[in-house]
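Q: A structural model of the following input is requested.
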Amino acid sequence: MIYDKADVSVLISMPRAGSHYIGDYVRQGYRKHGMVGPEIKSSEFFSPETYDQSYLKKIKLFEDVRDTFGLDMFSIFHSIQLYRHVNMPSKPHYTYLFDWFKDFYHGYRIVLLRRRNIWKHFVSFTFHNIIAEQLKKYGKEDGQHHSWHFMSATDDDVLKSTIQEYNIKFKFDDRHLEFFLMQIRFFNEHIASYYKTYNTTVYNLWLEECTHEELLNMFVPEKIKDTYKSPFIPSKIKYLPYFENTTLFKAKFMKLYESQFKPYGYLVD
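A: All right, here's what the predicted structure looks like:
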């Protein structure tokens, strides 16, 4: 390896927690000390929506790049991806992708990103998952119809048009909550818990508390700090007005808050 692995940060986040915004700061370090893939598909190599290949092929790619070139490839890792089961004959003790991740990135700087306001996080998470579920019925779940990460001023308008054209219906249900809870638990009880005893640098970040200056100092190489500006533009879409059962479901959500979310440090406005 041609650089100290402690100089490279690896980001783990819940979906819809600001991972692509924070991830772009992290990516800048790989431009100096690693490898960045094609811009359109350089963020989530382990997402099945990004690259429709088996996890074993993706693992081999990351291992081959390191073994051959002495470099690490940039990728954002989401909790749902690390939760996926893997079957590696050479490593029979691996159960989850996270088992491979722990070994592969041992000694690296780990960035754990969470969104403090758990209700807003859940609403954003559910809004986009509902769109994805319904667009898949038409074979239209793609970046052209559904942008998850806003990088231009026109993406909001495109998404509003998609919602109208395909008559997307928004309703909270227990299935969405269980899916969200599963990821929250895995992130906090397996991933975050493991890194509490990690013997190298771990950044525990809350999205709402991150500032541009702090992120520059943590992740962006010195020579481009003065010129770097995040390309991500927050969406201005208000999600809640699209839902038909907001009041009742938030009351249900709040009944779970004390036991399921508050112990991990999450808040509700």
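Q: and residue 11, that one's in a strand?
A: Yes: assessed by DSSP: H, G, I helix; E, B strand; the rest coil, residue 11 belongs to a strand.
Q: on contacts alone, who are the packing partners of the lengthiest helix in the chain?
A: In the chain, assigned by DSSP state H, the helix with the most residues is helix 118-136. Judged by 3 or more Cβ pairs under 8 Å, 6 or more residues apart in numbering; DSSP states H and E, the packing partners of helix 118-136 are helix 155-165, helix 174-185, helix 246-256. In this view, the C-beta of every residue, glycine as well, is placed from N, C-alpha and C.
Q: pipe those helices into JSON lines and attach mean pLDDT per row.
A: Shown next, in JSON lines, are the helices and strands packed on helix 118-136 (pLDDT from 0 to 100):
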{"stretch": "helix 155-165", "mean pLDDT": "91"}
{"stretch": "helix 174-185", "mean pLDDT": "95"}
{"stretch": "helix 246-256", "mean pLDDT": "95"}
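Q: make JSON lines out of the ones you listed and add mean neighbour count and distance to residue 130.
A: Compiled in JSON lines, the helices and strands packed on helix 118-136 are given as follows (neighbours: other Cβ atoms under 10 Å; distance: least, Cβ to Cβ, whole Å):
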{"stretch": "helix 155-165", "mean neighbour count": "15", "distance to residue 130": "10"}
{"stretch": "helix 174-185", "mean neighbour count": "15", "distance to residue 130": "8"}
{"stretch": "helix 246-256", "mean neighbour count": "13", "distance to residue 130": "13"}
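Q: dump these to JSON lines, plus distance to residue 16.
A: Converted to JSON lines, the helices and strands packed on helix 118-136 look like this (distance: least, Cβ to Cβ, whole Å):
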{"stretch": "helix 155-165", "distance to residue 16": "14"}
{"stretch": "helix 174-185", "distance to residue 16": "10"}
{"stretch": "helix 246-256", "distance to residue 16": "15"}
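Q: all helices for this structure, in order.
A: So, for the chain - with DSSP H - the helices run 19-33, 55-69, 79-82, 97-104, 118-136, 155-165, 174-185, 193-195, 212-219, 246-256.
Q: turn those helices into CSV, including distance to residue 88.
A: Converted to CSV, the helices of the chain look like this (distance: least, Cβ to Cβ, whole Å):
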stretch, distance to residue 88
helix 19-33, 25
helix 55-69, 7
helix 79-82, 15
helix 97-104, 7
helix 118-136, 29
helix 155-165, 38
helix 174-185, 23
helix 193-195, 19
helix 212-219, 31
helix 246-256, 36
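Q: circling back: and the helices and strands packed on helix 118-136: which comes nearest residue 95?
A: Using Cβ to Cβ as the measure, helix 174-185 is the one of the helices and strands packed on helix 118-136 that comes nearest residue 95, at 15.7 Å.
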